[in-house]
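Novice: Based on what follows, work out the 3D shape:
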Amino acid sequence: MNQLSNPVQIAYAVEDAEAAAKKWAAEFGAGPFFLAEHILVTDVIYRGSPGEYDHSSAYGQWGNLMIELVQDHGIGPSVVKDSYAPGETGLHHLAYFVDDLNFTTEKLAS
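Specialist: The predicted structure follows:
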């Protein structure tokens, strides 16, 4: 039984965010895309160790669904590097709106 509504965002790990945005626009009619380059997230704890996360993301719409195309520039460990070998692409994350985060989290955990 699906306990969440439809996702409002789907994000993909890609090798080149700008090139992927152009491809999504041409092949799927998504966009327009806004490209934010080298977004540095500091004070990150990943798998128990401190680090930083340097990434670029292209943000666009595909109908009602927001698309985020994520390019990992970091040299340290990351969820992208743990999930995909160099040259591979795929699902990064989904995002949902919920009315009550605590209730939904508890319900999904049970």
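
Novice: All the strands of the protein, residue numbers only.
Specialist: For the chain, applying DSSP state E gives strands covering 9-13, 34-46, 49-62, 65-72, 90-95.

Novice: Report the inter-axis angle for the last one versus strand 65-72.
Specialist: When you say that, I think you mean strand 90-95. 130 degrees (axes from the mean of the first three to the mean of the last three C-alpha atoms, to 10 degrees).

Novice: Contacts for strand 90-95, please.
Specialist: Strand 90-95 is contacted by residues 7-13, 66, 68, 70, 79-80, 83-84 when judged by C-beta atoms under 8 Å, 6 or more residues apart in numbering. The C-beta positions use only the backbone N, C-alpha and C, and glycine is treated the same way.

Novice: Who wins on neighbours among those residues?
Specialist: Among the contacts of strand 90-95, A13 has the most neighbours (other C-beta atoms under 10 Å), with 24 neighbours.

Novice: Okay, now the unreliable bits of this structure?
Specialist: By pLDDT under 70, the low-scoring segments of the chain are 1-2.

Novice: mind running it again at 50?
Specialist: Applying pLDDT under 50 to the chain picks out residues 1.

Novice: which of the residues in the longest helix seen in it are buried?
Specialist: Secondary structure of the chain per DSSP state H: the longest helix is helix 17-28. For helix 17-28, a neighbour-count test (16 or more other C-beta atoms under 10 Å) marks 17, 20-21, 24-25 as buried.
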